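In: What would the 3D arrangement of this be:
(2 chains)
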Amino acid sequence: MLEQSGFVDVRIGPPVDTFGGAGGESKARLFEVFGYAFLAHKPT
Amino acid sequence: MTDGLPVDPLALREEVKSKYRAVAVDPHRSYHFHTGRLLARRLGYDEAVVAALPNSAVEAFAGVGNPFSLGTLKRGERVVDLGSGGGFDCFIAAGQVGPKGRVVGVDMTEEMLARSRAAAAAMGLHNVEFRQGVIEDLPVENGSADVVISNGVINLCADKRRVFAEVMRVLKPGGRLQLADIANGKEIPAGALCNIDLWTD
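Out: Numbers count the residues shown, from 1 in each chain, chains lettered A, B, ... in the order given. Predicted coordinates:
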């Protein structure tokens, strides 16, 4: 969606187990939900 | 469905506001997500930087990743934080851009704004400002930001294309979006996507 919105040079960092040990862990595991960092640029 | 969106964006917004109002008022309660210093450590924030912040600046932090992990901000940069919550990422950003930089946090929840403004005042920060607004309609000037950051907020918006259009509007040409958010590896059933409770719990 970032590229469809016009961003370029998009990078994605490694997954982070955001919900591990929290109340939402079981739901996160069910849908393989992880946190990610994204870097994207507006064209010059 | 509302205009092709899976949920009513205004109803979702009210639900999100209610959830994060509770975090602002009582950050130590048990939520479906982690909060505060333990969360910051889990997400890989610089421990020395976080340790230097007062509790009031950290305890309501409820991000899902580290928007600074793919690049540190530069001195003097102008930054906008989408959904700034208790201000934690704004305070990290303020340290990175320095006194000649500027950070604007945007949040819709009055209780979070009160918390972030109080923390900024307590720290004597003059390069951070918090504005009330929604991220689908940012109270920020066109082409004014070098960097837009956000952490665990865009996933809570029904109309993500509109959010990204707003990010494009406020960024300078060549500016960047440093975003942390969640993504799912398994497809979520269409029936579940229409359930607002599943967006926020």
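In: Check which helices and strands the biggest helix by length in chain B is in contact with.
Out: Across chain B, the longest stretch assigned as helix under DSSP state H is helix B:9-25. In this structure, helix B:9-25 packs against helix B:110-123, helix B:196-200, with contacts taken as 3 or more CB pairs under 8 Å, 6 or more residues apart in numbering or on different chains; DSSP states H and E. Glycine gets a C-beta too; all of them are placed from N, C-alpha and C.
In: how much space between the nearest residue to residue B:111 once chain neighbours are set aside and chain A?
Out: If you skip the residues right next to it in sequence, residue B:111 has residue B:24 as its closest partner in space, 3.7 Å away by CB to CB, 6 or more residues apart in numbering or on different chains. Between residue B:24 and chain A the distance, using CB to the nearest CB, to the nearest Å, works out to 18 Å.
In: residues contacting residue B:24?
Out: The neighbourhood of residue B:24, defined by CB atoms under 8 Å, 6 or more residues apart in numbering or on different chains, consists of B:60, B:85, B:86, B:109, B:111, B:112, B:114, B:115.
In: Pull out the buried members of those residues.
Out: The neighbour-count test (16 or more other CB atoms under 10 Å in any protein chain shown) applied to these identifies B:60, B:85, B:86, B:109, B:111, B:112, B:115 as buried.
In: so the last one touches residue B:88, yeah?
Out: When you say that, I think you mean residue B:115. No: at 10.2 Å, residue B:115 does not count as touching residue B:88 under the criterion of CB atoms under 8 Å.
In: name the element residue B:104 belongs to?
Out: Under the criterion DSSP states H and E, the helix or strand holding residue B:104 is strand B:102-107.
In: Let me fix that, I meant to ask about residue B:172.
Out: Residue B:172 is located in strand B:171-184, with elements delineated by DSSP H and E.
In: Report the buried residues of stretch B:173-181.
Out: B:175, B:176, B:177, B:178, B:179, B:180, B:181.
In: ok, now how distant is residue A:21 from chain B?
Out: Taking CB to the nearest CB as the measure, residue A:21 falls 7 Å from chain B.
In: Spit out the contact partners of the closest residue to residue A:9 other than its chain neighbours.
Out: Leaving out its chain neighbours, the residue that sits closest to residue A:9 by CB to CB, 6+ apart is residue A:41, at 4.7 Å. Contact criterion CB under 8 Å, 6+ apart gives A:7, A:8, A:9, A:10, B:174, B:175, B:176, B:177 as the residues in contact with residue A:41.
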